[in-house]
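[1] pasting the sequence and the predicted coordinates here, then a few questions.
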Number of protein chains: 2
Amino acid sequence: MAPKTAVYTDRLRKAGLRPTRQRVALAQLLFGRGDRHVTAEGLHEEAAASGVTVSLATIYNTMHQFTRAGLLRDVTVDGARTYFDTNIGDHHHFYCEDDGTLMDIDGAAIAVAGVPTPPHGAKVDRVDVIVRLKRR
Amino acid sequence: MAPKTAVYTDRLRKAGLRPTRQRVALAQLLFGRGDRHVTAEGLHEEAAASGVTVSLATIYNTMHQFTRAGLLRDVTVDGARTYFDTNIGDHHHFYCEDDGTLMDIDGAAIAVAGVPTPPHGAKVDRVDVIVRLKRR
DNA sequence: ATTCTTCCTTAGAATGATTCTAAACTGTTG
DNA sequence: CAACAGTTTAGAATCATTCTAAGGAAGAAT
């Protein structure tokens, strides 16, 4: 059966991104199997494992472009590495400091009340809630 | 008038840290003037400006020790650099992505409801709310 | 199809924050 | 004040990420 690259080719075009071999392959890896949290290095290894040749520089370029295009979201919890999240819906995160695990928390579950008015000239871009976990 | 280094010497001792010349000087810089958000590089420059000789390695060591001792708190919002916050009370942050500015939001102002039960074996260490701002 | 133009990819160097190393130093205790 | 454990430090080392310059590929025009 044919690989459904058409789906991704399409999604990329709609996002204003030229559907190159690399981008389609990465889109397939990223979006082909549900919500995921991925690092650049991680995706690079995955690509290699599935026989796709992509340089690390391209991984970074692509992830940022996807993020800018709204296909991906970056999650900053650690400082050391940047995580990218394929779940672009309203949600928050559990972060386990001990092993670096990230888990989604549905946006509907958590309510944040009382966010003050931002300083004038600025508007709220988004509100991130990070629930930091420790081993008991 | 005499510099009140005794206050800091004391605070360090109580935290189980030997009050060395460098630590006292840094504590003075950090805690001497209200709540602040500082980077390692920033504190290093400040120290140099006020005539204190401290290596960058010591700045990092000290900030981490202070953090472990509960005198300081680290704030991860950016990925590129780590901010340290002298406000260790219950609070959250505004973060302006355009210029890297951090501002405190009093903990009493914001209410977070509905945090799910953590996966078993883990407990909630703390909940961070980051309100990301963009220029309007 | 071929050409042209523009956008992409890439290897490798460069950057920048942070950490490590090993040696010299200093606070504390006896 | 001697001795030890804890500290500081310069400089090298690491690591994720970005930059650079050059060759390659997609889309439009011919």
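    Now that the structure is in, tell me what you want to look at. Numbers count the residues shown, from 1 in each chain, chains lettered A, B, ... in the order given.

[2] return the residues of chain A in contact with chain B.
    A:76-79, A:82, A:94, A:96-97, A:103, A:105, A:109-116, A:118-119, A:121-136 (C-beta under 8 Å from any C-beta of the partner chain). All C-beta atoms are positioned from the backbone trio N, CA, C, and that covers glycine.

[3] how about A:His93, phi and psi?
    Here is the backbone geometry of A:His93 (degrees, to the nearest 10): phi -140, psi 140.

[4] how about the contacts made by it?
    Listed by C-beta atoms under 8 Å, 6 or more residues apart in numbering or on different chains, the contact partners of A:His93 are A:75, A:77, A:102-105, A:128-131.

[5] write out the residues of chain A neighbouring DNA strand D.
    A:13, A:18-21, A:39-41, A:56-57, A:60, A:64, A:80-82 (C-beta under 7 Å from any atom of the strand).

[6] just to revisit the earlier point, of the residues of chain A next to chain B, buried ones?
    Neighbour-count burial (16 or more other C-beta atoms under 10 Å in any protein chain shown) is assigned, among those, to A:76-77, A:79, A:82, A:94, A:96, A:103, A:105, A:110, A:112, A:115, A:118, A:122, A:125, A:127-133.

[7] would you mark the buried spots in the helix or strand containing A:Ala6?
    Using DSSP states H and E, A:Ala6 sits within helix A:5-14. By neighbour count with 16+ other C-beta under 10 Å, helix A:5-14 contains the buried residues A:8-9, A:11-12.

[8] restrict the residues you listed to those near DNA strand C?
    Within these, nothing lies near DNA strand C by C-beta under 7 Å from any atom of the strand.

[9] got those as TSV, with pLDDT columns?
    Shown next, in TSV, are these (pLDDT from 0 to 100):
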residue	pLDDT
A:Tyr8	96
A:Thr9	96
A:Arg11	96
A:Leu12	97
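
[10] farthest pair within those residues?
    Farthest-apart pair in those is A:Thr9 and A:Arg11; separation 7.5 Å (C-beta to C-beta).

[11] so which of the contacts of A:His93 belong to strands?
    Of the positions in the contacts of A:His93, A:75, A:102-105, A:128-131 sit in strands, assigned by DSSP state E.

[12] of the residues you listed, closest to DNA strand D?
    The closest of the ones in strands among the contacts of A:His93 to DNA strand D turns out to be A:Val75 (C-beta to the nearest atom of the strand; 10.6 Å).

[13] with adjacent residues omitted, what lies nearest to that closest one?
    A:Tyr83 (4.3 Å; C-beta to C-beta, 6 or more residues apart in numbering or on different chains).

[14] residues in contact with the one you found?
    A:37-39, A:74-77, A:102.

[15] which among the residues of chain A next to DNA strand D gets closest to B:Ala48?
    Using C-beta to C-beta, A:Ala80 comes nearest to B:Ala48 of the residues of chain A next to DNA strand D, at 27.0 Å.

[16] contacting residues around the helix holding A:Ala6?
    A:18-19, A:23-24, A:27-28, A:31, A:71.

[17] quick check: next helix or strand after it?
    Next element after helix A:5-14 (DSSP H and E): helix A:21-31.

[18] re earlier: make TSV out of the contacts of A:His93 and add distance to A:Gly89 and pLDDT.
    Output for those, formatted as TSV (distance: C-beta to C-beta, whole Å; pLDDT from 0 to 100):
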residue	distance to A:Gly89	pLDDT
A:Val75	13	97
A:Val77	18	96
A:Leu102	15	96
A:Met103	15	96
A:Asp104	9	97
A:Ile105	12	97
A:Asp128	14	97
A:Val129	14	98
A:Ile130	17	97
A:Val131	18	97
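
[19] returning to that earlier point: ok, so of the ones in strands among the contacts of A:His93, who is nearest A:Gly51?
    Of the ones in strands among the contacts of A:His93, the one sitting nearest to A:Gly51 (C-beta to C-beta) turns out to be A:Leu102, at 27.0 Å.

[20] check whether that closest one really touches A:Val38, as I assumed.
    No. Contact between A:Leu102 and A:Val38 fails when scored by C-beta atoms under 8 Å: they sit 9.8 Å apart.

[21] name the residues contacting each of those two.
    A:83, A:85.

[22] which of those two has more neighbours?
    Using other C-beta atoms under 10 Å in any protein chain shown as the criterion, A:Leu102 and A:Val38 rank with A:Val38 on top: 21 against 17.
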